[in-house]
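Colleague: Predicted structure and sequence below. I'll ask about it afterward.
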Number of protein chains: 2
Amino acid sequence: MAVDREQVLTQAAALLARRATTSMDEIARAAGISRATLHRHFAGRDALIRALEQHGIERFTQAMDAARLDDGPACDALRRLITEAEQVAGVLAFLFTENQLFEGAEINAGWARLDARLHALFRRGQEQGEFRIDLSAAWLTEAFYGLIGAGAWSVHEGRVARNDLNHSIAELLLGGIRRSMEK
Amino acid sequence: MAVDREQVLTQAAALLARRATTSMDEIARAAGISRATLHRHFAGRDALIRALEQHGIERFTQAMDAARLDDGPACDALRRLITEAEQVAGVLAFLFTENQLFEGAEINAGWARLDARLHALFRRGQEQGEFRIDLSAAWLTEAFYGLIGAGAWSVHEGRVARNDLNHSIAELLLGGIRRSMEK
DNA sequence: CTGCAGTGAGACATTGACGTCTCATTCGGG
DNA sequence: CCCGAATGAGACGTCAATGTCTCACTGCAG
């Protein structure tokens, strides 16, 4: 009975990430509820988007907390983050592709905090000699989002197996495409 | 006098990539023309989107041709492609993020052909031992688009200098984040 | 100068989504 | 079993964007 708010938001993110003009009716049907019920839980389209942003920020914050970004080698921290972020990939992809939403500067603050934490991880990795320094931390941050989004899309389209996603993102990000000559 | 169709499409891609719900009026004003004139050149919103797809496919095809993907080491071919694709990054980012567009199967064919060429490049790199084989060519293809899109966005937001974009994408894709121990 | 092609500005009806409402139904707890 | 809360289905009115149209203006070629 009680509508699963989490489920609705996840569905909405999946649809909106793929087509930003998805109607409330489509979102409702995808979530298995009626448009009326959707409106009962979210005052309107704007409210739904806002909730989606909030939800995404909260989930990603949890993922960062769980990954303990400040502990141990930056490489390992990044791997942990990818593992944690994988479950939020759909919502993250939406937030990343629809960045125009952040024009109202309120939510911007929450997102900026996440950005800063990720940025700090890459900087730490550079300072401690684990990461290369010819790629700016800002770029690595953006690239991280881009790969998470591409990964979510690839799984959704069936081009990448969900089980491989973690490894695919982490290895590409850390090691790149080129075949390593060592060992 | 004569409206610069190229200019209009480029502007439209930039706006639509950032906010897919951008109105025809906003697009027209961004392109420096009136809404009436915009409608004179593109029958409607759908027609504009279609033209954008077509334009993006053509430009990316040209980029691939210019990069000579089949010549020499795959690494070098990939670098050339990134250099060429950089100029189309805005349109590519739009096409990649709004993948929903490809439901009408006509354009799908043109896009699929580009996908196949890119896929083939990665496969060639793997078969010739340049690229690692634990990352599927399909994933590398998607990741390529993701990084191009993230790069275009980063430049647009001022987080990455345009001059660095080429190097940033190519190096991250080929070598990854981790600092190389060799040499 | 004249004519014309292209454009800007704006009016207009249409369309589709949105938000609100009502009413019947269903599910679950007491 | 019964009642209430939650839901589904649908009917509206509203509104913004769209697409089409007209009319006046501009710039340029002849």
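Modeller: Yep, it's here. It should be emphasised that the depicted structure is a prediction, and the values quoted were computed from it without experimental measurement. Numbers count the residues shown, from 1 in each chain, chains lettered A, B, ... in the order given.
Colleague: so where do the helices sit in chain A?
Modeller: A:5-18, A:24-30, A:35-41, A:45-67, A:74-85, A:89-97, A:105-127, A:137-157, A:162-175 (DSSP state H).
Colleague: Out of those helices, flag the one nearest residue B:7.
Modeller: Nearest to residue B:7, of all those, is helix A:89-97, at 24.6 Å by Cβ to Cβ. Placement of C-beta: from N, CA and C, glycine included.
Colleague: between the closest one and helix A:137-157, how many degrees?
Modeller: Using axes from the mean of the first three to the mean of the last three Cα atoms, to 10 degrees, the direction of helix A:89-97 lies 130 degrees away from that of helix A:137-157.
Colleague: could the helices of chain A go into TSV alongside mean neighbour count?
Modeller: Below are the helices of chain A laid out as TSV (neighbours: other Cβ atoms under 10 Å in any protein chain shown):
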stretch	mean neighbour count
helix A:5-18	20
helix A:24-30	16
helix A:35-41	14
helix A:45-67	17
helix A:74-85	20
helix A:89-97	25
helix A:105-127	16
helix A:137-157	24
helix A:162-175	19
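Colleague: now those helices as JSON lines including distance to residue B:98 and mean pLDDT?
Modeller: Shown next, in JSON lines, are the helices of chain A (distance: least, Cβ to Cβ, whole Å; pLDDT from 0 to 100):
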{"stretch": "helix A:5-18", "distance to residue B:98": "8", "mean pLDDT": "91"}
{"stretch": "helix A:24-30", "distance to residue B:98": "16", "mean pLDDT": "95"}
{"stretch": "helix A:35-41", "distance to residue B:98": "23", "mean pLDDT": "95"}
{"stretch": "helix A:45-67", "distance to residue B:98": "17", "mean pLDDT": "94"}
{"stretch": "helix A:74-85", "distance to residue B:98": "23", "mean pLDDT": "96"}
{"stretch": "helix A:89-97", "distance to residue B:98": "9", "mean pLDDT": "88"}
{"stretch": "helix A:105-127", "distance to residue B:98": "22", "mean pLDDT": "89"}
{"stretch": "helix A:137-157", "distance to residue B:98": "11", "mean pLDDT": "94"}
{"stretch": "helix A:162-175", "distance to residue B:98": "22", "mean pLDDT": "95"}
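Colleague: Now distance to residue B:112 too, for the ones you listed, in CSV please.
Modeller: Formatted as CSV, these follow (distance: least, Cβ to Cβ, whole Å):
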stretch, distance to residue B:112
helix A:5-18, 18
helix A:24-30, 26
helix A:35-41, 35
helix A:45-67, 31
helix A:74-85, 29
helix A:89-97, 22
helix A:105-127, 34
helix A:137-157, 13
helix A:162-175, 22
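Colleague: Minimum distance to DNA strand D: which of those helices has it?
Modeller: helix A:35-41 (3.2 Å; Cβ to the nearest atom of the strand).
Colleague: What lies in contact with the closest one?
Modeller: Identification of contacts with helix A:35-41 by Cβ atoms under 8 Å, 6 or more residues apart in numbering or on different chains yields A:3, A:5, A:8, A:24, A:25, A:27, A:28, A:31, A:48.
Colleague: From those, list the ones also adjacent to DNA strand C.
Modeller: For DNA strand C, the contacts drawn from the contacts of helix A:35-41 by Cβ under 7 Å from any atom of the strand are A:24, A:25.
Colleague: Closest one of the contacts of helix A:35-41 to residue A:124?
Modeller: residue A:5 (35.5 Å).
Colleague: residues contacting that closest one?
Modeller: Shown in contact with residue A:5 (Cβ under 8 Å, 6+ apart): residue A:41.
Colleague: Check residue A:17 too.
Modeller: Shown in contact with residue A:17 (Cβ under 8 Å, 6+ apart): A:90, A:93, A:94, A:97, A:98, A:149, A:152, A:153.
Colleague: can you tell me how far the second one sits from residue A:136?
Modeller: In other words, residue A:93. Distance of residue A:93 to residue A:136, given as Cβ to Cβ, to the nearest Å: 23 Å.
Colleague: Same question for the third one.
Modeller: Using Cβ to Cβ, residue A:94 is found at 25 Å from residue A:136.
Colleague: same thing with the fourth one?
Modeller: Note on residue A:97: its distance to residue A:136, by Cβ to Cβ, is 22 Å.
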